[in-house]
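Peer 1: Pasted the sequence and its predicted model underneath.
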Amino acid sequence: MTETIGFIGLGDLGRPIAANLLAAGYGLRVHNRTAAKADALVAQGAHRADRAVDAVRAGGIVATLLWDDASVEEVVTRDGFLERLGPGGVHISMSTVSPEGSKRLAALHAAHGCQFVEAPVFGRPEAAVARQLWIVCAGAQAAKDRVRPVLEAMGAREIFDFGEAIGAATTLKLLGNFLLISAAQSLTEGLSMVEKSGFDPRAALDMLTRTLFPSPIYQTYGRMIVEKSGGFSQSPIPAKDLGLFTAAADQLGAPAPLASLLLELRTRGA
Ligand SMILES: NC(=O)c1ccc[n+]([C@@H]2O[C@H](COP(=O)([O-])OP(=O)(O)OC[C@H]3O[C@@H](n4cnc5c(N)ncnc54)[C@H](OP(=O)(O)O)[C@@H]3O)[C@@H](O)[C@H]2O)c1
């Protein structure tokens, strides 16, 4: 019998990840601010927690996959969440947040004797369904060892350990998304130019992704762009994550003119 996990945040990415845990045989106590998003999981056997704190067991494991710094902080500081998690309890924080916010959260957990593992996710909801996620993590070794099977059951294809210092995995996640958004923007501009020139952008994409750019990002986003099937265009994630990247760079005194330009383009919907 595997243990029961608390899972808070059943958005686009949270729902398939929580479903993977259930399918792997974990007991699940789920909570989402908009309660109806838990219905399908409850129908599959998850227990509904009316408040986030009700998903937490003393000394247990609870995962959050909320939107941003503010929502994670709000959830863990309300209704005695950390007091209940208590000594020996581990919180797996999977949202894409700021490194500074993640460090603040880790300090709050330490003050309550709980452990904090940051474990942001690379992969879209479809990748979660296919169990093809890449998860990057940082935190105390014992806590990471304890949650590794849970991360695997969530649908991780591979888990990358960035050590014990909180902020490392979050920084890596922001770097990854900056590179990803840069690639998507370059592809959009480049393939549009090719199309307007009268040549076939599919042939251009095929040649480039079989030779110099044989990367999943160029292949997947390139295909979405030539097929005009969406991709990043409607998502609020790039603006959020570019905001986090530029703020982190600014705080460190690291120049980030390209990230700032991309943020400006996303903010004004260009
Ligand atoms: N989607 C992706 O492709 C993807 C990939 C990698 C990483 N991520 C990251 O994963 C995280 C979740 O993404 P998502 O796509 O699942 O987003 P989403 O569909 O917008 O879900 C966001 C979740 O956060 C909850 N939430 C937001 N503000 C809250 C608050 N103040 N209090 C309580 N709950 C709150 C939402 O509750 P409600 O349902 O009530 O609104 C929902 O459960 C984000 O940090 C995102 O950057 C996403």
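Peer 2: Arrived safely, thanks for sending.

Peer 1: And Ile225, how close does it get to Thr188?
Peer 2: 6 Å (CB to CB, to the nearest Å). Yep, even glycine has a C-beta here, placed from its N, CA and C like the rest.

Peer 1: Spell out which parts of the chain neighbour the ligand.
Peer 2: 9-14, 32-34, 37, 65-67, 71, 74-75, 95-96, 121, 124-125, 237 (CB under 6 Å from any ligand atom).

Peer 1: Cross those against helices and list the overlap.
Peer 2: Here DSSP state H is the test, and the residues of the chain next to the ligand give 14, 71, 74-75, 125, 237 as lying in helices.

Peer 1: what residues are up against the closest residue to the ligand within the stretch 1-150 of the chain?
Peer 2: Nearest residue of the stretch 1-150 of the chain to the ligand: Gly11, at 1.9 Å (CB to the nearest ligand atom). By CB atoms under 8 Å, 6 or more residues apart in numbering, Gly11 lies in contact with 32, 37, 65-67.

Peer 1: With Thr171 instead?
Peer 2: 99, 248.

Peer 1: you'd agree it is in a helix?
Peer 2: Yes: counting by DSSP: H, G, I helix; E, B strand; the rest coil, Thr171 is found in a helix.

Peer 1: neighbour count winner among Ile225 and Thr188?
Peer 2: Ile225 (23 against 17; other CB atoms under 10 Å).

Peer 1: Spit out the contact partners of the more buried one.
Peer 2: Ile225 neighbours (CB under 8 Å, 6+ apart): 184, 187-188, 191, 201, 231.

Peer 1: if you set the cut-off to 6 Å instead, what comes out?
Peer 2: Going by CB atoms under 6 Å, 6 or more residues apart in numbering, Ile225 touches 187-188, 191.

Peer 1: One more: Leu28?
Peer 2: 5, 7, 21-22, 46.

Peer 1: Could you give the number of residues near Leu175?
Peer 2: 13.

Peer 1: same check, this time on Met193
Peer 2: Neighbours of Met193 using other CB under 10 Å come to 12.

Peer 1: oh, and call the first residue 40 from now on, that's how I've got it
Peer 2: All right, first residue 40 from here; so that's Met232.

Peer 1: what helix or strand does it sit in?
Peer 2: Met232 is part of helix 207-235, with elements assigned from DSSP states H and E.

Peer 1: Would you mark the buried spots in that helix?
Peer 2: 207-213, 215-217, 219-224, 226-227, 229-230, 233 (16 or more other CB atoms under 10 Å).

Peer 1: for stretch 142-152, same thing?
Peer 2: 142-145, 147-148, 151.

Peer 1: Where does pLDDT dip in this structure?
Peer 2: 40, 269-272, 309 (pLDDT under 70).

Peer 1: please redo it, this time with the cut-off set to 90
Peer 2: Scanning the chain for pLDDT under 90 picks out 40-41, 267-274, 306-309.

Peer 1: Quick one: the strands in it, in order.
Peer 2: Counting by DSSP state E, the chain has strands at residues 43-47, 66-70, 86-87, 100-103, 129-132, 154-157, 160-161, 172-176, 195-200.
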